[in-house]
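Undergrad: Sequence plus the predicted model coming up.
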Amino acid sequence: MLPRPSHRSHQRHAGYGDPVSVPRSLDLPAGARRTMVETKRGAFAALEVPAATDAPPRTPALLVPGYTGSKEDFLAVLAPLAAAGHAVTAIDLRGQYETPGSDDPHAYELEELAADLLALIDVMGGAAHLVGHSFGGFVARTVAAAQTGTAVRSLTLLDSGPGQVTGEGTRLSLAMLAAALPEHDMETIWLAKRAIEHERGDPELPADIEAFLHERFVRTHPLSLSVAAEQLGDPVDRVAVLLRLQVPLLVLYGSGEDVWAPSELAAMAHEVAVVGQVIEGAGHSPAVDDPDATAAALLSFWARTEDAAVSPRR
């Protein structure tokens, strides 16, 4: 039988792998295209938007989604970033949604996913501003810490905490999904997940969004979810990785963040000597909740990092 939530699970995160970013629209901005980016490590599904031709050319940006997420989580910020002169690529990680997966669990270890990102940056011209949301931040910081050159021009951790998730609802959801994945197919788990969400009174979604979330979930490779869940639950201190960085770092998060407490993210920023920035009124997915403020924060940070006088820790 599929595991059922306890009485404590009737909250936003109790749904087999939640929290999940839910785009408000699936419309592509002008100039954006869906594509498969070919690299030396395989092909990766992506949304690409070229830099505006009437803006000064800037460093490209690579946007990396979180657990159970996809490139569509960044749809609402693509246009303002490109309008400022940045060519923008948002991807599905290996095994996520439209990027092919592997039946080898080793393929989903952080070092392997980090190597994928470096291969993507190489195709993008050899340098990029890197943004990692939630679990994507675990991957992105691995890239930035391991690089020997200048491929990562800056790193933004978007609602990505110092270590294992601490929000009670998220921890419960990860445990539920981890228990279900070895025993059930993705369609069965999806149906159970939606039944739980309907039972607790979650609002109905527009038909196109519901269909997208369903397709994204069932097309994601179950091993990618299993390995990522282990990493999100690993108590290892990931701040040590950040202390080794030699690139500018931004810790950006919503004031309503609840996968990690906002105080944890503020403490992480303080420990690595950067100023954390809060998107007021946003939750765990600021690029969905307040895309204008999120894009403005990224553009301001990137502009500072492209100034030769900026400190690598700011």
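TA: That came through fine.

Undergrad: Pull out the buried positions in stretch 137-150.
TA: 137-145, 147 (16 or more other C-beta atoms under 10 Å). Where you see a C-beta, it was placed from the backbone N, CA and C, and this is true even at glycine.

Undergrad: List just the nearest of the residues you listed to Q164.
TA: F138 (10.4 Å; C-beta to C-beta).

Undergrad: wouldn't the closest one be in contact with L110 here?
TA: Yes: counting by C-beta atoms under 8 Å, F138 sits close enough to L110 to count as a contact (6.1 Å).

Undergrad: For those two, list the residues in contact with both.
TA: The contact sets of F138 and L110 overlap at Q231 (C-beta atoms under 8 Å, 6 or more residues apart in numbering).

Undergrad: Count the residues that sit near G201.
TA: The number of residues packed around G201, counting by other C-beta atoms under 10 Å, is 7.

Undergrad: same check, this time on the one 10 residues further on
TA: A211 has 12 neighbouring residues, counting by other C-beta under 10 Å.

Undergrad: With R24 instead?
TA: The number of residues packed near R24 is 12, by other C-beta under 10 Å.

Undergrad: before we move on, what about L265?
TA: Neighbours of L265 using other C-beta under 10 Å come to 24.

Undergrad: Per-residue pLDDT of E168, please?
TA: Looking at E168, its pLDDT stands at 82.

Undergrad: element containing the nearest residue to R24 once chain neighbours are set aside, please.
TA: Leaving out its chain neighbours, the residue that sits closest to R24 by C-beta to C-beta, 6 or more residues apart in numbering is V288, at 6.5 Å. Assessed by DSSP states H and E, V288 sits inside helix 286-289.

Undergrad: now swap in P56 and tell me
TA: Secondary structure assignment for P56, by DSSP H and E: no helix or strand.

Undergrad: Quick check, it in contact with G85.
TA: Yes: the criterion here is C-beta under 8 Å, and P56 meets it with G85 at 5.1 Å.

Undergrad: could you pull out the helices for the stretch 101-250 of the chain?
TA: With DSSP state H, counting those that start in this stretch as the criterion, the stretch 101-250 of the chain has helices at 110-123, 135-146, 168-180, 186-199, 207-219, 222-232, 239-243.

Undergrad: Please identify the most buried of these.
TA: Mean neighbour count (mean count of other C-beta atoms under 10 Å) peaks for helix 135-146 among the helices of the stretch 101-250 of the chain, with a mean of 24.

Undergrad: For that one, name the packing helices and strands.
TA: Applying 3 or more C-beta pairs under 8 Å, 6 or more residues apart in numbering; DSSP states H and E, one finds that helix 135-146 makes contact with strand 61-64, helix 110-123, strand 128-133, strand 152-158, helix 222-232, helix 239-243.

Undergrad: same thing but at 6 Å, please
TA: Helix 135-146 sits against strand 61-64, helix 110-123, strand 128-133, strand 152-158, with contacts defined as 3 or more C-beta pairs under 6 Å, 6 or more residues apart in numbering; DSSP states H and E.

Undergrad: Export it to CSV, keeping only CA atoms.
TA: Presented in CSV, the C-alpha positions along helix 135-146 are these (Å, rounded to 0.1, in the frame of the first residue of the first chain):
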residue,chain,number,x,y,z
PHE,A,135,18.0,21.3,-4.7
GLY,A,136,19.4,23.0,-7.8
GLY,A,137,21.4,25.1,-5.4
PHE,A,138,23.0,22.0,-4.0
VAL,A,139,24.2,21.2,-7.5
ALA,A,140,25.2,24.7,-8.4
ARG,A,141,27.3,25.2,-5.3
THR,A,142,29.1,21.9,-6.1
VAL,A,143,30.0,23.3,-9.5
ALA,A,144,31.2,26.6,-8.1
ALA,A,145,33.3,24.9,-5.5
ALA,A,146,34.9,22.4,-7.9
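
Undergrad: With that, I have no additional questions.
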